[in-house]
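Trainee: With the sequence up front, the predicted model follows.
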2 protein chains.
Amino acid sequence: MNRKAQFVSAVLKKKGSQRAAGSAFAPVNIALVKYWGKRDQELNLPVTNSLSYTLSIGTHTSISLADRQDAIWLNDVPLSLEHPIARRLIAFCDLFRPDPATYFQIKTKNEVPTGAGLASSASGFAALTMAMNDLFGWDLDRRELSLLARLGSGSACRSLFDGFVEWHTGSREDGLDSFAERLDVEWPEFSVEPWILSSEQKAIDSRKAMQATIEHSSLYAAWPAKVAHDLSALKRALFDRDFDTLGAICENNALTMHATMIATAPPIIYWTEESLRAMRLVWQWRKNGLPIYFTMDAGPNLKLIFLKKDEATVRTLILSSKVYYPTSKCL
Amino acid sequence: MNRKAQFVSAVLKKKGSQRAAGSAFAPVNIALVKYWGKRDQELNLPVTNSLSYTLSIGTHTSISLADRQDAIWLNDVPLSLEHPIARRLIAFCDLFRPDPATYFQIKTKNEVPTGAGLASSASGFAALTMAMNDLFGWDLDRRELSLLARLGSGSACRSLFDGFVEWHTGSREDGLDSFAERLDVEWPEFSVEPWILSSEQKAIDSRKAMQATIEHSSLYAAWPAKVAHDLSALKRALFDRDFDTLGAICENNALTMHATMIATAPPIIYWTEESLRAMRLVWQWRKNGLPIYFTMDAGPNLKLIFLKKDEATVRTLILSSKVYYPTSKCL
């Protein structure tokens, strides 16, 4: 039995009572202190802890058993089983088939563009894990679901919780202590919204970018200490409801992650001209007195961090900036 | 006597025979492995060695004694003595006045835009040092001139030599072993030319950017080891005339320097949308088979690294790219 299968059987201690179908919704989460680098690629164990905020948009997934082969619909379109997304979902399903001749029909819908650095794989694998839990009647708690979702996509383990969420790197080799947990913070005024500048598929997917950075960026050596510092500073800001300190930490953490990529040989630059323009606009708005910050993931888009009271202002500014993807469902 | 004055008197051992006027030309140099960070701000002592290539364009400077106050012309325009450039030149001159009532008239002309990350301060302080040597008849050798020019602007110490030049950080506290030296490499085919995308003055000058990076960038900790690695790899490539290895090292070293700035809090981003577009064009041209690389300094412009045989192709590509500053005297 390989390490992944061992991990799954350690989490799935009791057999559930299977139903005809299962379904679930899981939200997107946006890391405020980033997950960037794995200490174990097979089990998706991160080098550092990370901390995220959960959005309301996400992925709806339903799953049922199928007769002769897997079948996958993404956003109402049947996917070729050779499609990279289908292969990744199938590989995840392989971990849970009661026998090799069990096939699944999976229908999944993203409320955000797929593969554009908008965390669709996080909500996608979290929703699939929850839908499986529903189908098989495992009756797992959130922490156990978080452990399983992690195998599909590391950051998916954070999409099992709302609010502010911390993913623990853990110390065990078997990965059973690397799950996410909700922080005990309520801050209804806090808001993060994607500013979609491009919904194009990424030139390099984030898993490859992450691995290339670890292996070929001379600056990655300084990243783990940076994260440790930012995590403790961000938690302090969070508990103090100190929005400006929190915003500055988030922005710098994201830029530092991008900096580790830019220093990679060959370089990984997700920024487009629009990204650069949008960052400068945010700085200008802030200079003009609006408390607004951004974070960015492995893609060209920004995620804006602001207080709910400023939402109308932020939307007006974005629309007037003309630097946005016009068919976006988000901002 | 302060440390700078001690340094100057240690270099100027013998009094020269003064003439009525002095003049000199010094070239711009482009760092291939960057100077980024000082171990001693007063004496301009760098954290690491650096390695540059000297261009043919540069600065022409003439100097003579003046009656009642200093007078400075930059590119044929008289400068207010309160202008930041004038203040910097005057502070440098202060180190060399035979008595406080000695004043200078300095006329300096840059063949490249001033303060746009095109190393005009390197050629400027090297030319001024050489012009002073001419005026005062110090009869210093290149190494001594390199030591003195360094006090005006660190990278100026490399503008005393042509070809490939290494600046040694040295180990002495008094800075007397931190000078530049020409490497024993002849490579007439090698070529570096600025690709000027903007001649605007920089938002933040490189001395301030350098200091902010050291103090506020979490990634700077990894920079000295990176430079040590790149220096030895670049020298090997240089002695082997291995152009592609050399180009890749230069490009990655420059991007890594920019990455340390991007990670600074608050961030220092010299890149413009044109910079990003120009980098991607270079990568596209290379993908199409042209051996071309770039380096960048503390500014938005690129410096292209290619072989002389490809010069006509490079010029055609740049002109057709429409991403250039049209009145540039360079490419």
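Mentor: Structure's in. What do you need?
Trainee: and chain A, which of its residues are near chain B?
Mentor: Applying C-beta under 8 Å from any C-beta of the partner chain, we find that chain A lies next to chain B at A:218-223, A:225-226, A:229, A:248, A:251-252, A:255-256, A:258-260, A:262-263, A:265-267, A:269, A:271-273, A:276-277, A:279. No exception for glycine: its C-beta is placed from N, CA and C like everyone else's.
Trainee: Would you map the helices across chain A?
Mentor: Here chain A has its helices, by DSSP state H, at A:3-11, A:84-94, A:120-136, A:142-152, A:206-216, A:223-239, A:243-262, A:273-287, A:311-321.
Trainee: How confident was the prediction at A:Lys202?
Mentor: Note on A:Lys202: pLDDT of 67.
Trainee: How about A:Tyr325?
Mentor: A:Tyr325 carries a pLDDT value of 59.
Trainee: domains of chain A?
Mentor: Following automatic domain parsing, one gets these domains for chain A: A:17-182, A:190-321.
Trainee: Does A:Ser17 touch A:Trp138 like I think?
Mentor: No. Look at A:Ser17 against A:Trp138 with C-beta atoms under 8 Å: they stay out of range, at 9.4 Å.
Trainee: Which residue of the two possesses the greater neighbour count?
Mentor: For A:Ser17 and A:Trp138, the more surrounded residue by other C-beta atoms under 10 Å in any protein chain shown is A:Trp138, and the numbers stand at 23 against 8.
Trainee: Could you measure from the more buried one over to B:Ser191?
Mentor: 66 Å (C-beta to C-beta, to the nearest Å).
Trainee: Over to A:Ala149?
Mentor: 54 Å.
Trainee: Those two: which has the busier surroundings?
Mentor: A:Ala149 (33 against 18).
Trainee: pretty sure that one is in contact with A:Ser155, am I right?
Mentor: No. Using C-beta under 8 Å, A:Ala149 makes no contact with A:Ser155, being 9.2 Å away.
Trainee: pLDDT score for the closest residue to A:Gln41 other than its chain neighbours?
Mentor: Take A:Gln41 and drop its neighbours on the chain: the residue closest to it by C-beta to C-beta, 6 or more residues apart in numbering or on different chains is A:Gln211, 7.2 Å away. pLDDT, A:Gln211: 96.
Trainee: so what strands line up beside the top strand by length along chain A?
Mentor: As assigned by DSSP state E, the longest strand anywhere in chain A is strand A:50-66. According to DSSP bridges, strand A:50-66 has the following sheet partners: strand A:21-33 (antiparallel), strand A:103-110 (antiparallel), strand A:164-167 (antiparallel).
Trainee: on that earlier part again, could you say which one of the domains of chain A comes nearest to B:Glu186?
Mentor: Distances from B:Glu186 to each of the domains of chain A were compared using C-beta to C-beta; the minimum, 27.9 Å, belongs to domain A:190-321.
Trainee: Would you mind measuring the gap between the ends of the closest one?
Mentor: From its first residue to its last, domain A:190-321 covers 23 Å (C-alpha to C-alpha, to the nearest Å).
Trainee: residues touching A:Gly175, list them.
Mentor: A:7, A:40, A:43-45, A:147, A:150 (C-beta atoms under 8 Å, 6 or more residues apart in numbering or on different chains).
Trainee: again, only using 10 Å
Mentor: A:3-4, A:6-7, A:10-11, A:39-40, A:42-45, A:147, A:150-151, A:169 (C-beta atoms under 10 Å, 6 or more residues apart in numbering or on different chains).
Trainee: List buried residues within those.
Mentor: Neighbour-count burial (16 or more other C-beta atoms under 10 Å in any protein chain shown) is assigned, among these, to A:4, A:7, A:11, A:39, A:43-45, A:147, A:150-151, A:169.
Trainee: Show me where chain A dips below the pLDDT cut-off.
Mentor: For chain A, the stretches flagged by pLDDT under 70 are A:113-119, A:199-202, A:324-331.
Trainee: follow-up on the earlier one: pick the most deeply packed of the helices of chain A.
Mentor: helix A:120-136 (a mean of 27; mean count of other C-beta atoms under 10 Å in any protein chain shown).
Trainee: packing partners for it?
Mentor: In terms of contacts (3 or more C-beta pairs under 10 Å, 6 or more residues apart in numbering or on different chains; DSSP states H and E), helix A:120-136 is packed against strand A:21-33, strand A:50-66, helix A:84-94, strand A:103-110, helix A:142-152.
Trainee: closest to A:Thr295 out of those?
Mentor: strand A:21-33 (6.2 Å).
Trainee: Would you mark the buried spots in that closest one?
Mentor: For strand A:21-33, by 16+ other C-beta under 10 Å, it's A:22, A:24-33.
Trainee: quick one: that strand to helix A:243-262, angle?
Mentor: 100 degrees (axes from the mean of the first three to the mean of the last three C-alpha atoms, to 10 degrees).
Trainee: A:Pro267 is in contact with B:Leu276, isn't it?
Mentor: No. A:Pro267 is beyond contact range of B:Leu276, at 11.4 Å (criterion: C-beta atoms under 10 Å).
Trainee: related to what we said a few turns ago, could you tell me how far the residue nearest to A:Gln41 is located from chain B?
Mentor: Between A:Gln211 and chain B the computed distance is 18 Å (C-beta to the nearest C-beta, to the nearest Å).
Trainee: follow-up on the earlier one: quick check, nearest of the contacts of A:Gly175 to B:Leu183?
Mentor: Set against B:Leu183, the nearest of these by C-beta to C-beta is A:Arg39 (41.5 Å).
Trainee: Just list the residues touching the closest one, thanks.
Mentor: By C-beta under 10 Å, 6+ apart, the neighbours of A:Arg39 are A:45-48, A:169-170, A:173, A:175, A:178, A:214, A:224.
Trainee: 6 Å - rerun?
Mentor: Shown in contact with A:Arg39 (C-beta atoms under 6 Å, 6 or more residues apart in numbering or on different chains): A:45, A:47.
Trainee: Over to the one 5 residues further on?
Mentor: Neighbouring residues of A:Asn44 by C-beta under 6 Å, 6+ apart: A:150, A:154.
Trainee: Format the domains of chain A as CSV; extra columns: distance to B:Leu183.
Mentor: Formatted as CSV, the domains of chain A follow (distance: least, C-beta to C-beta, whole Å):
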stretch, distance to B:Leu183
domain A:17-182, 37
domain A:190-321, 23
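Trainee: Tell me which of these lies nearest to B:Pro98.
Mentor: domain A:190-321 (47.9 Å).
Trainee: follow-up on the earlier one: compile the helices of chain A into CSV and extend it with columns for distance to B:Leu290.
Mentor: Converted to CSV, the helices of chain A look like this (distance: least, C-beta to C-beta, whole Å):
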stretch, distance to B:Leu290
helix A:3-11, 45
helix A:84-94, 31
helix A:120-136, 37
helix A:142-152, 42
helix A:206-216, 24
helix A:223-239, 34
helix A:243-262, 23
helix A:273-287, 23
helix A:311-321, 36
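Trainee: Ok, which of those helices comes nearest B:Val77?
Mentor: helix A:273-287 (30.9 Å).
Trainee: That closest one to helix A:243-262, inter-axis angle?
Mentor: Going by the same axes, to 10 degrees, helix A:273-287 makes 160 degrees with helix A:243-262.
Trainee: can you list contacts of helix A:273-287?
Mentor: Residues outside helix A:273-287 that contact it (C-beta under 6 Å, 6+ apart): A:197, A:292, A:294, A:300, A:302, A:317, A:321, A:323, B:273, B:276.
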